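J.: Please find the sequence and the predicted model below.
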Amino acid sequence: MKIMFLGDVMGRAGRTAIINQLPRLRTEWKLDFVVVNGENSTSGMGLSGDHAKLLLDAGADVVTLGDHAFDQKDMLTFIESEPRVIRPMNFSKSAPGVGARIFNAPGGRKVLVAQVLGQVFMKRPFDDPFSALDGLLRQYPMGGQVHASLIDVHCEATSEKMAMGHFCDGRASIVVGTHTHVPTGDAMILPGGTAYLTDAGMCGDYNSVIGMDKVEPLRRFITGMPKARFTPANEEATLSGIYVETDDRTGKATRIEMVRQGGRLSQSGPA
């Protein structure tokens, strides 16, 4: 199966890049399944229902969220009516929606998508992501009821993401980190057959400070004083993430490539 995951969509620039480029990539790369992290799509803070529809209509099969899952209040109700949007499994026991679901792919194939939040350096204590995933992956082992499985690990610390990759090695097809908006260069297939990348980066304008217009972040770093709200940078965005091929029989990854399309980080895709 040919699967693409795209990192945190950042504001209007990120949404525009998804709308303009994802339909083409689905066709040219013959993609079977696409997952997009959309939790910063609306003004850089959360995801509204209307913007979730835009991402889905552009070709995302699933949209994942993160620690800003419900910053846009309409998501509290929208997520209950739209099964293709999932929030972190360990966000809150009372949160609406679900953190994992099985989705249909072409040819009758099934894909498990799940998301967890990390605990290290995050603003609030979340439940243990390792135990949350352990039960899920025991229920849906690779080569069993699902043909592929993808885990979005939304957290700050690279060490925690790496630990999760090794914890899931041989148990999930893909483990990919999100949240920091900075793409890492360590795309690899782990010994057990799991495709791994520490952070997918963002779909946003990289002439910025992690997607925000540079002026206010620089002022705060230099003076220690806030003056205005952060606003997303709105020049041309780069689509950033990974492309993975998996074996339908075993669920193991057979190929992984980093995705950098458009904007300042553009590079060619898989041949």
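T.: Structure's in. What do you need?

J.: quick one: terminal-to-terminal distance for stretch 252-268?
T.: 24 Å (Cα to Cα, to the nearest Å).

J.: residue ranges of the strands in the stretch 1-150 of the chain, please?
T.: Listed in chain order, the strands found in the stretch 1-150 of the chain under DSSP state E, counting those that start in this stretch are 2-6, 8-9, 33-37, 62-64, 85-86, 100-105, 109-117, 148-154.

J.: can you pull out the helices in the stretch 51-200 of the chain?
T.: Assigned by DSSP state H, counting those that start in this stretch, the helices in the stretch 51-200 of the chain fall at 75-81, 129-139, 158-168.

J.: Select, out of these, the one closest to T238.
T.: When the helices of the stretch 51-200 of the chain are compared by Cβ to Cβ, helix 158-168 sits nearest T238, at 20.6 Å. Where you see a C-beta, it was placed from the backbone N, CA and C, and this is true even at glycine.

J.: Only C-alpha atoms, please: export that closest one in CSV.
T.: Only the C-alpha atoms of helix 158-168 are listed here, as CSV (Å, rounded to 0.1, in the frame of the first residue of the first chain):
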residue,chain,number,x,y,z
THR,A,158,12.5,13.7,20.4
SER,A,159,13.6,11.0,22.9
GLU,A,160,10.0,10.2,23.7
LYS,A,161,9.1,9.9,20.0
MET,A,162,12.1,7.7,19.4
ALA,A,163,11.1,5.5,22.4
MET,A,164,7.6,5.2,21.0
GLY,A,165,9.0,4.2,17.6
HIS,A,166,11.0,1.3,19.2
PHE,A,167,8.0,0.4,21.4
CYS,A,168,5.9,0.0,18.3
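
J.: and the angle for that helix with strand 148-154?
T.: Between helix 158-168 and strand 148-154, the angle formed by their directions is 160 degrees, by axes from the mean of the first three to the mean of the last three Cα atoms, to 10 degrees.

J.: who touches helix 158-168?
T.: Residues from elsewhere that reach helix 158-168 (Cβ atoms under 8 Å, 6 or more residues apart in numbering): 116, 118-120, 129-130, 133-134, 137, 151, 153, 155, 175, 177, 184, 190, 194, 196, 198-199.

J.: So among the residues you listed, which ones count as buried?
T.: Neighbour counting by 16 or more other Cβ atoms under 10 Å classes 116, 118-119, 129-130, 133, 137, 151, 153, 155, 175, 177, 190, 194, 196, 198-199 among the contacts of helix 158-168 as buried.

J.: For this protein, give me the ranges with low pLDDT.
T.: Segments of the chain classed as low confidence (criterion: pLDDT under 70) are 271.

J.: No further questions, thank you.
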